[in-house]
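Visitor: From the sequence below, what's the structure:
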Amino acid sequence: MLSKIFYHWEKWLSQRDRNRKVRNFEWGLEFVQDDTGREDPKGFLLDHARKVLADSDRYYAYSRAKDMHIRGRHLTFTSPLQSVYPKNNTVHGLYFPVQSDGRVVVVLPQWNSDLRGHQSLCRMLNYFGLSALRLSLPYHDLRMPEELERADYILSPNLGRTMQAVRQAVIDSRAALDWLETQGYTKFAILGTSLGSCVALIAMAHDPRIKLSVQNHVSPYFADVVWEGISTQHVRRGLERNITLEELRDIWMPISPKAYFKKLKGTGQQSLLVHALYDYSFLPRLSREVLQDYRELGIPNSTRSLMCGHYTSGVFPFNIYLGYTMCRYIRRNL
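Guide: As a prediction, the model looks like this:
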């Protein structure tokens, strides 16, 4: 009975937005490296993924941003990884400082979050004695190109652009730590929700400064969430006649958390893994695979199971319990 209730509730919440578009499939080679693989674009992207996984530290490396400015609470800097969309290349952050004993949390909201998203969570972190910096993901709110109504360019049937956007999000998160260091912070955590959870895990795996992550909704694979989740069926319709799930999983493995679990082994970095029992976007079997991988690898972690779904985790009273749980975990462990 609960499953049926949450399914219909989740479906209703996921369909409130009426501006979803089925976009054309594109390989997007120009966003990955160059367009030299046009004769066999699928083979090129599969080979590119293998090369990235062999040296992901290089893929997620960056040059330090030199133009970081804070006006009031509004932080801006030029993204170390440039895209072809000028508006997207300025990173925006909202800074929530308190007396925190050197502790600070980088907060990454969910896909299609507007500028107000997660500001209440940042204030809750302040209440728990933690400073926070909320970052806008690529192609979101103040970074959204004029032709968009939704943040489609970070997740779409354009394979190369999606990879570049997630890579940019990871690099921007790492660059934000540089600015936080100049403010005197020494203890860093990262908290990501949904798509932000994926970015947070990859950032932590490539930046030893991050000692703790909260992954709010977890999946091992980027592709499977897009293919099977109720919130991304319009993206799947642009993909499915051109590529199989298995091929997509391999191509998008460089932006999938599972590729980097082994990098966390033995580092002492900790994670809170949050999953919802009635999640129809990040399916429970995918979340269970993440939990199993962490157990087998011996990566320090805590888990929280939510008696709700993906969208309903942001609805009262589930959002209050979730926010409290995440903030308390960070305060105790950072």
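Visitor: For this structure, give me the ranges with low pLDDT.
Guide: 34-37 (pLDDT under 70).
Visitor: Could I get the full set of strands for it?
Guide: 69-71, 74-78, 90-96, 103-108, 131-135, 187-193, 210-216, 270-276, 301-306 (DSSP state E).
Visitor: Nearest to Tyr7 among these would be which one?
Guide: Evaluated over those, closeness to Tyr7 peaks at strand 270-276, with 12.2 Å, by C-beta to C-beta. C-betas here are computed from N, CA, C, even on glycine.
Visitor: Tell me what angle the closest one forms with strand 187-193.
Guide: Per axes from the mean of the first three to the mean of the last three C-alpha atoms, to 10 degrees, the angle that strand 270-276 makes with strand 187-193 is 20 degrees.
Visitor: mind exporting strand 270-276 as CSV, just the C-alpha atoms?
Guide: Presented in CSV, the C-alpha positions along strand 270-276 are these (Å, rounded to 0.1, in the frame of the first residue of the first chain):
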residue,chain,number,x,y,z
GLN,A,270,33.9,9.2,5.4
SER,A,271,30.4,9.2,3.8
LEU,A,272,26.8,9.4,4.9
LEU,A,273,24.8,7.5,2.3
VAL,A,274,21.2,8.5,2.2
HIS,A,275,18.7,6.4,0.2
ALA,A,276,14.9,6.4,0.0
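Visitor: Run through the neighbouring helices and strands of that strand.
Guide: strand 210-216, helix 284-297, strand 301-306, helix 318-333 (3 or more C-beta pairs under 8 Å, 6 or more residues apart in numbering; DSSP states H and E).
Visitor: which one of the ones you listed lies closest to Phe25?
Guide: The closest of the helices and strands packed on strand 270-276 to Phe25 is helix 284-297. By C-beta to C-beta, the value is 23.5 Å.
Visitor: Any buried residues in that closest one, and which?
Guide: For helix 284-297, the neighbour count (16 or more other C-beta atoms under 10 Å) marks Leu286, Ser287, Glu289, Val290, Leu291, Asp293, Tyr294 as buried.
Visitor: which ones are touching Ile210?
Guide: When contacts are counted by C-beta atoms under 8 Å, 6 or more residues apart in numbering, Ile210 touches Val106, Leu177, Phe188, Ala189, Ile190, Ala203, Met204, Gln269.
Visitor: how near is it to Phe188?
Guide: 5 Å (C-beta to C-beta, to the nearest Å).
Visitor: on that earlier part again, of the helices and strands packed on strand 270-276, which is nearest Ser256?
Guide: Nearest to Ser256, of all those, is helix 284-297, at 10.8 Å by C-beta to C-beta.
Visitor: Can you show me the CA trace of that closest one as CSV?
Guide: The C-alpha trace of helix 284-297 is given here as CSV (Å, rounded to 0.1, in the frame of the first residue of the first chain):
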residue,chain,number,x,y,z
PRO,A,284,16.4,1.2,-4.5
ARG,A,285,18.3,-1.7,-6.1
LEU,A,286,20.9,0.9,-7.4
SER,A,287,21.2,2.4,-3.9
ARG,A,288,21.7,-1.1,-2.4
GLU,A,289,24.5,-1.8,-4.8
VAL,A,290,26.3,1.3,-3.6
LEU,A,291,25.9,0.2,0.1
GLN,A,292,27.2,-3.2,-0.8
ASP,A,293,30.3,-1.8,-2.6
TYR,A,294,31.1,0.3,0.4
ARG,A,295,30.8,-2.7,2.7
GLU,A,296,33.0,-4.9,0.5
LEU,A,297,35.7,-2.2,0.1
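Visitor: Check whether Val52 really touches Ala61, as I assumed.
Guide: No. With contacts counted by C-beta atoms under 8 Å, Val52 stays clear of Ala61, the gap being 11.8 Å.
Visitor: The longest helix seen in the chain: how far from the chain's middle?
Guide: Criterion DSSP state H: the longest helix present in the chain is helix 159-182. Here the centre of helix 159-182 is set off from its chain's centre by 10 Å, with C-alpha atoms, centre = their mean, to the nearest Å.
Visitor: hang on, the earlier thing: who has more neighbours, Val52 and Ala61?
Guide: Remark: of Val52 and Ala61, Val52 carries more neighbours, 19 against 13, as counted by other C-beta atoms under 10 Å.
Visitor: quick one: the more buried one from Phe96, how far?
Guide: Counting by C-beta to C-beta, the separation of Val52 from Phe96 is 34 Å.
Visitor: What of Gly298?
Guide: Distance, Gly298 to Phe96, by C-beta to C-beta: 34 Å.
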